[in-house]
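Return a 3D structure for these sequence lines:
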Amino acid sequence: MSATTDPHILVSCRVGGDPSRGNWSFSLQAADGTSRFEVKDREPETYGERLELLAVVRALEALDEPSRVTICNASEYVRRGVRFGLEQWREQGWTWECFGQWVPIKNDDLWQRLDRALRLHRVKFRTWRLDTAHAQTTSTRRSLATRPSRLTRPNPDCSTRPVMLSAGSGAAGRTPSDTQRRTSAASGLWRRVRGGLTRCATLVGLL
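Numbering: from 1, shown residues only. Next up is the predicted model:
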């Protein structure tokens with residue numbers, strides 16, 4: 001079948017509920033929205049990364065003809081394996097070197113099934129941001145909008161009222177009373193530090 005006539009299928013894979021129970025599902029939907037097909041199943045002895053990979057493999061194997069496929073929400077484990085490992089694993093006979101020995105890769109049987117499916121279909125992986133990410137972005141924008149301006153600095157008299165700086169900023173924007181307050185506070189801080197050092201020296205002399 002030519003590339004222009006291959007059906008475009010959207011695939012969504014999920015590991016739902018308690019992953020330790022092996023629950024997985026996938027849905028196939030035509031890109032034009034005309035049809036949708038969903039499958040759910042359970043693999044009691046399968047969990048974690050293997051379960052995520054199994055859901056993708058089952059989804060692609062369910063297609064009965066070569067198709068253009070967009071997998072919308074595959075796990076990072078599957079995406080990184082396809083992008084960075086699959087070709088090398090195939091060339092090395094589905095093994096990798098570990099401490100000088102060639103050992104089978106993890107879940108090699110499922111990766112081989114996925115490799116065969118990728119040869120039949122033209123597959124792209126996409127990560128879609130839905131309502132949750134949109135809500136987080138909106139919340140972040142609101143929090144930034146309520147933050148004080150960068151042209152404000154704390155009042156030296158420890159009040160919560162901000163003191164605005166001039167357009168030039170720096171010392172030119174301070175009033176004489178502000179400078180006097182800052183100098184007085186620095187002097188008081190130095191006197192307290194010096195007093196503390198004197199007491200420490202006295203205690204050391206007693207040891």
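
Y47 versus the nearest residue to R50 once chain neighbours are set aside, what's the distance?
The shortest distance from R50 to any non-neighbouring residue, by Cβ to Cβ, 6 or more residues apart in numbering, is to N107 (5.1 Å). For the C-beta atoms, the positions are set from N, CA and C on the backbone; glycine is no exception. Applying Cβ to Cβ, to the nearest Å, the value for N107 to Y47 is 12 Å.

Which of the two has more residues huddled nearby?
N107 (21 against 17; other Cβ atoms under 10 Å).

Would you map the strands across the protein?
Counting by DSSP state E, the chain has strands at residues 8-14, 23-30, 36-42, 68-71, 95-98, 101-104, 122-125, 152-153, 163-164.

where do the helices sit along this protein?
48-61, 76-80, 86-91, 108-120, 131-145, 176-206 (DSSP state H).

contacting residues for the residue nearest to R50?
49-50, 53 (Cβ atoms under 8 Å, 6 or more residues apart in numbering).

how does it look with 10 Å?
46, 48-50, 52-54, 57, 77, 81, 94, 113-114 (Cβ atoms under 10 Å, 6 or more residues apart in numbering).

Next: V69.
By Cβ under 10 Å, 6+ apart, V69 lies in contact with 6-11, 28, 31, 59-60, 63, 117-118, 120-125.

again with D6
D6 neighbours (Cβ under 10 Å, 6+ apart): 65-69, 121-122.

cutoff 6 Å now
D6 sits next to 66-68 when contact means Cβ atoms under 6 Å, 6 or more residues apart in numbering.

Which of the helices of the chain comes out lowest on mean pLDDT?
Mean pLDDT per stretch puts helix 131-145 lowest among those, at a mean of 54.
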